[in-house]
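Q: got a sequence here, can you model it:
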Amino acid sequence: MSQSGRIISVNVSEKTGMQKEPVASGELVKEHGIRNDSHAGPYHRQISLLAQESINKMKAKGADVVPGSFAENLTTEGIDLPSLPVGTIIRTSGGATLEVTQIGKVCHNDCAVFAAIGDCVMPREGIFVKVLEGGTISPGDTITVAEGGPNDDRA
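A: From the prediction side, this is the model:
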């Protein structure tokens, strides 16, 4: 059975290295990312995702964080993001198809969350995807993990 969840927040920034701000919706562009986001481009880390459940772990440690604080583009709820293998396909109710390309990342030196509490969840629990098919994305949209991903041999 496939996992499903929902989008809590869509977040963008004009410059890299800063927290992202929530927007009402985003346009996911094939092989690019979210239109008007600083991290969009023709590479494997086009969009970052972090679960609200992960943000809640940091709140429990005393961090003053909200969706976008970890520079994630999409804040989700209901899917165990770091358990998804690279190659997993995710579909959105707005018509987009995404492929997981990386789990976690190295935290940059200026991470405000790490500086404040000595820990950051994004390197362990954030994931990155590329856009296979474009569409729109808004808070409240459903996201579904496709069975098995692109390397699944099941018919």
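Q: how far away is the residue lying closest to S13 once chain neighbours are set aside from R35?
A: Distances taken as C-beta to C-beta, 6 or more residues apart in numbering put K20 closest to S13, at 4.4 Å, once the chain neighbours are dropped. In short, each C-beta sits where N, CA and C put it, glycine included. When distance is defined by C-beta to C-beta, to the nearest Å, K20 is 14 Å away from R35.
Q: between the two, which one's more packed in?
A: Between K20 and R35, counting by other C-beta atoms under 10 Å, K20 is the more crowded of the two (25 against 12).
Q: you'd agree that one is up against L74?
A: No - when contacts are counted by C-beta atoms under 8 Å, K20 is not listed as touching L74 (9.8 Å).
Q: anything in contact with each of the two?
A: Shared contacts of K20 and L74, defined by C-beta atoms under 8 Å, 6 or more residues apart in numbering, are found at N11.
Q: for this protein, give me the ranges with low pLDDT.
A: For the chain, the stretches flagged by pLDDT under 70 are 1, 106-119, 147-155.
Q: in it, which strand is the longest?
A: strand 4-12 (DSSP state E).
Q: report the buried residues of that strand.
A: Under the neighbour-count criterion of 16 or more other C-beta atoms under 10 Å, strand 4-12 has 5-12 buried.
Q: what's the following helix or strand after that strand?
A: Following strand 4-12 in sequence order, the next helix or strand is strand 21-23 (DSSP states H and E).
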